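Participant: predicted structure and sequence below. I'll ask about it afterward.
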Amino acid sequence: MPFPVTPELLSRARAFHRPSAVALLQNFYPVVSRVSQAISGRGDAAAGITRFVIGRSLRVLPKWNQEHTPERWFYHHTVLTARRAARYKPDPKADLLVTAAGEQEPDPAYTAFVRGLRMLPQQQAEAFLLNHGEKLDPRMMSVAMDCSVEAAANHLVAATAALRAVTGDQATFEALTAKVAAAYGRLTPPEELSVPAVRREISRYLWPRRLRRGALGLLVLFLLYVGYRLVRHWL
């Protein structure tokens with residue numbers, strides 16, 4: 001889970017104080033990456049989702065005025081963006097939840113469980129992963145999934161019933177669910193990868209802003225020079 005954002009950090013980040021913006025986005029980059037990978041099951045799709053969400057966050061950053069806003073925004077937009085990519089299903093053996101289990105030979109029962117998870121209606125799969133993998137409470141699940149708390153809870157109940165039917169008994173269901181949660185946790189990118197990724201996105205966003213600011217400054221200087229020359233001419 002990301003650390004709580006202080007009002008001071010948020011205020012500096014909103015003004016695009018670079019170290020503060022890096023710290024803020026670095027805090028949520030693992031969330032975005034992990035949720036993207038878990039919901040999509042594909043590395044290529046997850047990379048695109050992550051880049052899009054991080055890039056989009058820089059455009060709305062100045063509008064965030066409460067310290068809890070970033071967490072809600074990142075969960076919400078990551079899930080909705082991943083949902084749009086859901087039609088591209090992963091190959092069962094290459095599914096990130098399968099490969100992240102860390103086994104040389106995939107467990108057929110676990111692979112079948114993940115396949116069953118992918119076959120669920122989209123919001124049921126999201127509820128299951130956000131609850132067991134991301135450890136979100138019902139209220140934050142509802143924010144992430146853009147639905148009511150009751151609807152999020154109902155999606156989770158339906159997903160649980162469907163996957164329990166796949167496993168056949170409660171003990172197997174709990175063991176395979178724990179395995180999904182462990183694999184989910186391994187999708188968290190290491191800090192040495194997340195920090196450069198965040199800095200690249202910030203540089204990509206800030207560089208055009210600096211160019212525009214520099215061009216505006218040159219235009220103002222030029223106009224002042226022209227005005228000065230005109231005044232000198234008429235005097």
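Facilitator: Perfect, I can see it now.
Participant: show me the contact partners of the helix or strand hosting K179.
Facilitator: Assigned by DSSP states H and E, K179 belongs to helix 170-186. By C-beta atoms under 8 Å, 6 or more residues apart in numbering, the list of residues contacting helix 170-186 from outside reads 34, 38, 96-98, 100-102, 107, 109-110, 113-114, 117, 129, 132-134, 163-164, 167. Bear in mind the C-beta positions are built from the backbone N, C-alpha and C, glycine included.
Participant: quick one: which of these sit in helices?
Facilitator: Members of the contacts of helix 170-186 lying in helices (criterion: DSSP state H): 34, 38, 96-98, 109-110, 113-114, 117, 129, 132, 163-164, 167.
Participant: that older thread, now find how far off-centre the helix holding K179 is within its chain.
Facilitator: Chain-centre distance of helix 170-186: 22 Å, with C-alpha atoms, centre = their mean, to the nearest Å.
Participant: could I get the CA-only coordinates of that helix as CSV?
Facilitator: Output of helix 170-186 as CSV, limited to C-alpha atoms (Å, rounded to 0.1, in the frame of the first residue of the first chain):
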residue,chain,number,x,y,z
GLN,A,170,-13.2,-24.8,0.6
ALA,A,171,-9.7,-25.9,1.5
THR,A,172,-8.5,-26.0,-2.1
PHE,A,173,-10.2,-22.7,-2.8
GLU,A,174,-8.4,-21.1,0.1
ALA,A,175,-5.0,-22.5,-0.9
LEU,A,176,-5.3,-21.4,-4.5
THR,A,177,-6.6,-18.0,-3.4
ALA,A,178,-3.5,-17.6,-1.2
LYS,A,179,-1.4,-18.5,-4.1
VAL,A,180,-3.0,-15.8,-6.3
ALA,A,181,-2.4,-13.3,-3.5
ALA,A,182,1.3,-14.3,-3.2
ALA,A,183,1.8,-14.1,-7.0
TYR,A,184,0.0,-10.7,-7.0
GLY,A,185,2.4,-9.3,-4.5
ARG,A,186,5.4,-10.4,-6.6
